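Sequence first, then the predicted structure, then my questions.
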Amino acid sequence: MINLNEVQPETGQMERTLIPLGTVARATILVKMGETSIPEFGNGQWFKASQSSSAKWMELEFTIIGGQFDRRKFWDRIFVDGDKMGQSGIPLAKEIGLRTLRSIIESANSLDPADMSPEAQSRRQISGVDALTGMEICAKVGIKKGTNGYDDQNKLMVALTPNQKEFIPSGNYATQQVQQPTHQPQAQAQTQPTSNGPVPSWANK
């Protein structure tokens, strides 16, 4: 039995404000468990699936290290399947998801995207998406609009790489804020992370 009678009651509800749009910080990654396996992306059930379309995604938890927002968390999805096809002949969701995965790996390994040396190419290869857990990246934080009664939430806007001037290298845990335009590209919009949807329009058209 847990006796809570001696615990002091809440004197007021704590309200946590959003991390400002465009904040740049170092952050670690945790891959959340799903219920669907996709062998192409490694062993284990790391993906969730829509019940109304082909959309499949993985959910990531980011924890900021150091600075003003130390230990603050935010979450995002990476889609790897959907109904709408891209110009390359694979689902548009997968095109965008693979680009996001590449930028995360390059950020974690301090790789310039233009570096195609054998060492760089080797470091861009991972055994599966579960290998992302524990990686530390330079993250630019965005804000996704709440829908269906949900509040606005922070999300990953982009994983920055060393060729970008805002990049914070490993070992430097200061944060910086970069002024951002209020409009964000539709293709990057993410939705409230519930198990069966909704999904962004570009993933299921």
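Arrived safely, thanks for sending.

tell me the mean pLDDT for the helix or strand where S107 lies?
Here S107 sits within helix 92-108, counting by DSSP states H and E. Per-residue pLDDT values over helix 92-108 give a mean of 97.

now swap in stretch 69-89 and tell me
Here stretch 69-89 scores 95 as its mean pLDDT.

Buried ones in that stretch, by neighbour count?
Residues 69, 72, 74-84 are the ones in stretch 69-89 that count as buried (16 or more other CB atoms under 10 Å). Placement of C-beta: from N, CA and C, glycine included.

ok, of these, which one's closest to V24?
Comparing the buried residues of stretch 69-89 against V24 with CB to CB places F69 closest, at 10.6 Å.

ok, the closest one - contacts?
I19, T23, A25, T175 (CB atoms under 8 Å, 6 or more residues apart in numbering).

From R99, how far off is the residue minimising distance to the centre of the chain?
The residue lying closest to the centre of the chain (CA atoms, centre = their mean) is D76, at 3.8 Å. D76 is 14 Å from R99, where distance means CB to CB, to the nearest Å.

give me every residue that touches the closest residue to Q87 other than its chain neighbours.
Closest residue to Q87 apart from its sequence neighbours, by CB to CB, 6 or more residues apart in numbering: E95 at 8.0 Å. Counting by CB under 8 Å, 6+ apart, E95 touches G86, Q87, S88.

now, among those residues, which is nearest to L60?
Using CB to CB, the shortest approach to L60 within the contacts of E95 belongs to G86, at 21.8 Å.

so W57 is in which element?
Counting by DSSP H and E, W57 is part of strand 56-64.

meant to ask about G142
Secondary structure assigned from DSSP H and E places G142 in strand 136-144.

list the helices and strands that strand packs on?
Packing partners of strand 136-144 (3 or more CB pairs under 8 Å, 6 or more residues apart in numbering; DSSP states H and E): strand 23-31, helix 92-108, strand 153-160.

any chance of those in a markdown table, plus distance to S37?
Compiled in a markdown table, the helices and strands packed on strand 136-144 are given as follows (distance: least, CB to CB, whole Å):
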| stretch | distance to S37 |
| --- | --- |
| strand 23-31 | 13 |
| helix 92-108 | 16 |
| strand 153-160 | 24 |
